[in-house]
Every structure is written in structure tokens, then in C-alpha cells.
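Student: Okay, predicted coordinates and the sequence, questions at the end:
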Amino acid sequence: MAMIKTICALVLLGLILHAEVRKLLKRKKEKCATCGRVMVERPVKIVAEGEELTFCCEHCAAAYRGRTTHSYREH
Ligand SMILES: [Zn+2]
């Protein structure tokens, strides 16, 4: 009986670890919203229309802002 419990505990632990690793991998593979490059370090984050967007650098963030403020320029 004790062995079955140990196996169950190990399976559960494995599932938890698997989920955590997947979460970590997902976070690492965050891509730039402008150029699609995978984030390496210090991603630039801006909130546009209530949505948080991540960019690889200030240039990409500025490019995105320029795109979204297009209607603003027309006024
Ligand atoms: Zn970029």
C-alpha cells in the first residue's frame, strides 16, 4: 500500500513539475508584437487598449505606437 501511495505522489509531483516547466517555457518564448523576435532580455511592455503588449526593444514599441496613433495624426 505504501508503495502505491509513493507512486501516486511521484506521478502528481511529475504533473505539477510538467505544468511549471511548460509555464516557464511559455514565458521564455514571448515574442515581440512588432517584429516577432523572441524576447531575450528586458522586454519593453506597453499597455494599448487595455491589453499588455511586449516588444523586444523601444524601437518596436515606438513602431507599434506609431501604428496605433495613426488616426490621431489624421485629426
Ligand atoms: Zn521587435
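Tutor: Thanks, I have it. Numbering: from 1, shown residues only.
Student: And stretch 34-48, what's buried?
Tutor: 34, 39, 43-44, 46 (16 or more other Cβ atoms under 10 Å). To be clear about C-beta, it is placed using only N, CA and C from the backbone, and glycine gets the same treatment.
Student: pLDDT of it, averaged?
Tutor: For stretch 34-48, mean pLDDT rounds to 86.
Student: before we move on, the earlier item: looking at the buried residues of stretch 34-48, which is nearest the ion?
Tutor: The ion has its nearest neighbour among those in T34, at 4.7 Å by Cβ to the ion.
Student: and that closest one, helix, strand or coil?
Tutor: coil (DSSP: H, G, I helix; E, B strand; the rest coil).
Student: my guess is it meets G66, correct?
Tutor: No. Counting by Cβ atoms under 8 Å, T34 stays clear of G66, with 10.0 Å between them.
Student: circling back to that earlier point, go back to the buried residues of stretch 34-48 and keep what's next to the ion.
Tutor: T34 (Cβ under 5 Å from the ion).
Student: Right, I'll call it a day here.
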